[in-house]
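Asks: Let's see this in three dimensions:
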Amino acid sequence: MRVLITGGAGFVGGALVERLGREGVDVHATSRSTRSGPGTWHVADLTDPASPGELMAAVQPTHLVHAAWFQASGAARAGGAGNLEWSEISLRLLREFAAAGGERFVGLGSCFEYDWSEPVLSEDTPLGPRTLYGHCKAAIGQTSIAFGEAADVSVAWARGFFMYGPGEGPKRLVADVALSLLAGRTVATSDGLQERDFLHVDDVADGLAALLTS
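Replies: Sure, this is the predicted structure:
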């Protein structure tokens with residue numbers, strides 16, 4: 001098994017690189033700049049249409065985890081045009097992976113694909129995204145599964161919920177609260193009445209690793 005992880009320097013991708021590296025898996029990861037650490041790193045700009053094909057030729061992965069997305073947060077991420085660009089990039093990656101003989105594709109989706117009017121969200125909750133980000137993720141997930149069936153590529157789509165842990169952005173909830181408390185600042189929050197399930201990024205990495213071989 002040779003695993004390629006896009007977004008290997010990111011929050012989730014980085015945790016997965018570390019996780020698989022400890023297991024001795026042949027891990028290859030992409031980043032926009034030179035990196036060191038577990039696995040073999042490839043400098044790649046996936047927004048270049050030629051990059052996915054070149055990457056597959058260089059790595060020849062049997063397994064692909066697509067965790068890369070454009071860098072933004074909050075409203076910029078929810079409605080940014082980068083969602084459209086990365087939808088195209090994601091499907092291009094899958095096509096090139098299939099053309100190169102890839103076997104198993106795992107994509108990182110989002111809980112924002114679900115219909116949040118439901119009182120409790122689960123894998124069986126109907127999809128009903130309300131943001132451009134959620135719509136794009138849902139469309140890629142459904143299209144990837146359909147394409148995988150047609151192209152004989154095994155596909156899984158993982159919808160993560162409220163992840164936290166080492167490497168997360170400082171403006172995310174858990175990091176912001178922790179950093180504010182450490183600095184002695186008043187923590188700005190809402191009324192705190194929302195009910196959320198939070199996932200530690202290492203547990204997410206464990207789940208993605210399991211999906212790779214399931």
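Asks: so where do the helices sit in the protein?
Replies: Per DSSP state H, the chain has helices spanning 11-22, 51-59, 74-79, 82-99, 132-151, 173-182, 201-213. These are given in chain order.
Asks: centre of the chain versus the fifth one, how much separation?
Replies: The chain centre lies 14 Å from the centre of helix 132-151; the measure is C-alpha atoms, centre = their mean, to the nearest Å.
Asks: And stretch 159-169, what's buried?
Replies: By neighbour count, with 16 or more other C-beta atoms under 10 Å as the criterion, the buried positions of stretch 159-169 are 159-160, 163-165, 168. (Each C-beta comes from the backbone N, C-alpha and C, glycine too.)
Asks: can you tell me how far the most centrally placed residue in the chain sits from residue 139?
Replies: The C-alpha lying nearest the average C-alpha coordinate of the chain belongs to residue 67 (C-alpha atoms, centre = their mean; 2.9 Å). According to C-beta to C-beta, to the nearest Å, residue 67 stands 18 Å off from residue 139.
Asks: Residue 101 too?
Replies: From residue 101 across to residue 139, the span is 26 Å (C-beta to C-beta).
Asks: So those two - more neighbours on which side?
Replies: Between residue 101 and residue 139, residue 139 has the larger neighbour count (other C-beta atoms under 10 Å), namely 17 against 11.
Asks: you'd agree the more buried one is up against residue 87?
Replies: Yes: applying C-beta atoms under 8 Å as the test, residue 139 and residue 87 come out as touching, 6.6 Å apart.
Asks: And the pLDDT for residue 195?
Replies: On the pLDDT scale, residue 195 is placed at 85.
Asks: and residue 116, what does it touch?
Replies: Shown in contact with residue 116 (C-beta atoms under 8 Å, 6 or more residues apart in numbering): 128, 130.
Asks: Repeat that for the one 5 residues further on.
Replies: Contact criterion C-beta under 8 Å, 6+ apart gives 111, 114, 161 as the residues in contact with residue 121.
Asks: Format the residues you listed as a markdown table; extra columns: distance to residue 125 and pLDDT.
Replies: A markdown table is the format used below for the contacts of residue 121 (distance: C-beta to C-beta, whole Å; pLDDT from 0 to 100):
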| residue | distance to residue 125 | pLDDT |
| --- | --- | --- |
| 111 | 9 | 94 |
| 114 | 5 | 97 |
| 161 | 11 | 91 |
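Asks: Show me which of those residues is closest to residue 176.
Replies: Nearest to residue 176, judged by C-beta to C-beta, of these is residue 161 at 18.0 Å.
Asks: Not including adjacent chain positions, what is the nearest residue to the closest one?
Replies: residue 111 (4.5 Å; C-beta to C-beta, 6 or more residues apart in numbering).
Asks: Tell me how far residue 159 lies from residue 107.
Replies: Using C-beta to C-beta, residue 159 is found at 10 Å from residue 107.
Asks: Same question for residue 192.
Replies: In this structure, residue 192 and residue 107 are 33 Å apart, going by C-beta to C-beta.
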